[in-house]
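From the sequence below, what's the structure:
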Amino acid sequence: MFWKALHSEWFKFRKSGMLPILLVSPLVGLMIGLMTNLSQIEAGVNSWYLLLQFMILPYALLFLPLMTGVLAGIICRYEHQAGGWKQFLSLPVTRGNVFVAKYVLLMAAVLVMQLLFLAAVFFAGQMKGISDPFPIMIIWKSIFGGWVATMPLVALQLTLSILWKSFAAPFAVNVIFTLPSILAVNSETYGPYYPWGQPFLMMYAGGAQESVFFVPWEQVLTVVGGSLVIFFAAGWIYFQRKAV
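Model prediction:
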């Protein structure tokens, strides 16, 4: 039944026009990369490393968390129209399978967006004629770390999108909590515990490179893992009891 629910979600995903939206954030990162002047950077530093840092700043700090809300709102749009929830849940699928299918598809969409950002980094570097060795392990660590950091945010945004019919309401909540991350990530006291700041912290290669995803393993388990369990469980329980 889970695969039926996932197939149904994938069909709606393709018809929703969501695929072009996945290009928005990587294209913003690409424009930042192309406008970055690396010629004045101190010699001896890998130019790929510096380019990645500049591109990550707006992408991971703002656009990546915000896009989780946009994608979650779109994936629930059909069900909020003309009694869609009643029609969907009348199919031979359980509510739990529906919730997990939507979550899995959203995380797959975020992963695609991360891979597009990786392509944007490589393309920007090629356009600038960077000849330094490509730091593949650092960049893959950054890409995958940012994806892991969005897991609790996707769970929360999916729950809010199921809760409210309005597309604007869950997106507004996401904006309200995303903007303070600009200040939170600069705080050693609050930054490591702020869920909306984790995508930047786990993509920013300026952190401890010997640590998993550039942050302490305890931070990954407690902040990312803990908030994922809380947000996912809250959404799961609410959806099981949701009146349709």
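
Nearest residue to the middle of this protein?
Thr150 (4.2 Å; Cα atoms, centre = their mean).

That one reaches Phe63, doesn't it?
No. Shown here, Thr150 and Phe63 do not form a contact pair, counting by Cβ atoms under 8 Å, at 11.5 Å. (Glycine included, C-beta is placed from N, CA and C.)

Now Asn174: closest residue in space, sequence neighbours ignored.
Gly69 (3.5 Å; Cβ to Cβ, 6 or more residues apart in numbering).

pLDDT wise, what is the one you found at?
Looking at Gly69, its pLDDT reads 89.

element containing it, please.
Using DSSP states H and E, the element containing Gly69 is helix 64-75.

if we can go back for a sec, what about the residue nearest to Asn174, distance to Trp236?
Separation of Gly69 from Trp236 (Cβ to Cβ, to the nearest Å): 19 Å.

Let's see stretch 197-204 as CSV, backbone CA atoms only.
Output of stretch 197-204 as CSV, limited to C-alpha atoms (Å, rounded to 0.1, in the frame of the first residue of the first chain):
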residue,chain,number,x,y,z
GLY,A,197,20.2,27.2,11.2
GLN,A,198,21.4,23.6,10.9
PRO,A,199,21.4,23.5,7.0
PHE,A,200,23.9,26.3,7.0
LEU,A,201,26.0,24.9,9.8
MET,A,202,26.1,21.5,8.3
MET,A,203,27.0,22.8,4.8
TYR,A,204,29.5,25.4,5.9
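
Make sure Ala149 is actually in contact with Gln198.
Yes. Contact criterion Cβ under 8 Å: Ala149 and Gln198 qualify, at 4.0 Å.

Between these two, which contacts overlap?
Residues touching both Ala149 and Gln198 (Cβ atoms under 8 Å, 6 or more residues apart in numbering) are Val224.

Between these two, which is the more surrounded one?
Neighbour count, other Cβ atoms under 10 Å: between Ala149 and Gln198, Gln198 has more, with 32 against 28.

wait, what's in contact with the more buried one?
With Cβ under 8 Å, 6+ apart, Gln198 has these contacts: 149, 215, 223-224.

same deal with Phe134?
Phe134 sits next to 48, 122, 125 when contact means Cβ under 8 Å, 6+ apart.
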